[in-house]
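Chemist: here is the input, now give the coordinates:
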Amino acid sequence: WTENSVYTGLTQISCHLPRTQPRVPLFYRKVFNMATTVTLKVEMMCEGCAGAVRRILQKIEGVEDITITVAENKVVVTGQNLDQKLLMEKVAKSGKATELWV
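Modeler: Here you go, the predicted model:
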């Protein structure tokens, strides 16, 4: 057990950071790395449209999860550092009318 290590109850995890940075245990960085959620309203008529939207969104960096509800025309995108405008632009280029879900 040292000054820059953490005891999790089962194992000891060392976190070696330069002295200029605050000492933050590794598991805290993973637990508190909050995801961003963007909800879009996208005009979709069928599962084929939903598949096209999914393929477009999966190519965007930072996207981790996509939930699509065709009946409501609702697309929920979860990930790290997501840009609403970028998501909307990419989906709109496919010919689907897109706006933020309000």
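
Chemist: show me which residues of whichever strand or helix holds residue 57 are buried.
Modeler: Assigned by DSSP states H and E, residue 57 belongs to helix 47-58. Buried residues in helix 47-58, counted by 16 or more other Cβ atoms under 10 Å: 49, 50, 52, 53, 54, 56, 57. Heads up, the C-betas are built off the backbone N, CA and C, glycines and all.

Chemist: show me the two of these that sit farthest apart.
Modeler: Using Cβ to Cβ, these span at most 12.7 Å, a distance reached by 49 and 57.

Chemist: before we move on, back to that, alpha carbons of the helix holding residue 57, as PDB, please.
Modeler: Extracted C-alpha coordinates of helix 47-58, given in PDB (Å, rounded to 0.1, in the frame of the first residue of the first chain):
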ATOM      1  CA  GLU A  47     -36.500  -0.900 -40.300                       C
ATOM      2  CA  GLY A  48     -34.500  -0.300 -43.500                       C
ATOM      3  CA  CYS A  49     -34.400   3.400 -42.700                       C
ATOM      4  CA  ALA A  50     -33.400   2.600 -39.100                       C
ATOM      5  CA  GLY A  51     -30.600   0.400 -40.300                       C
ATOM      6  CA  ALA A  52     -29.300   3.200 -42.600                       C
ATOM      7  CA  VAL A  53     -29.300   5.700 -39.800                       C
ATOM      8  CA  ARG A  54     -27.600   3.200 -37.500                       C
ATOM      9  CA  ARG A  55     -24.800   2.500 -40.000                       C
ATOM     10  CA  ILE A  56     -24.200   6.300 -40.500                       C
ATOM     11  CA  LEU A  57     -24.100   6.900 -36.700                       C
ATOM     12  CA  GLN A  58     -21.800   3.900 -36.000                       C
END
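
Chemist: residues contacting that helix, please?
Modeler: 42-44, 63, 66, 68, 70, 75, 77, 87, 90-91, 93-94, 96 (Cβ atoms under 8 Å, 6 or more residues apart in numbering).

Chemist: of all those residues, which comes closest to residue 36?
Modeler: Residue 36 lies nearest to residue 77 out of these, by Cβ to Cβ, at 8.5 Å.
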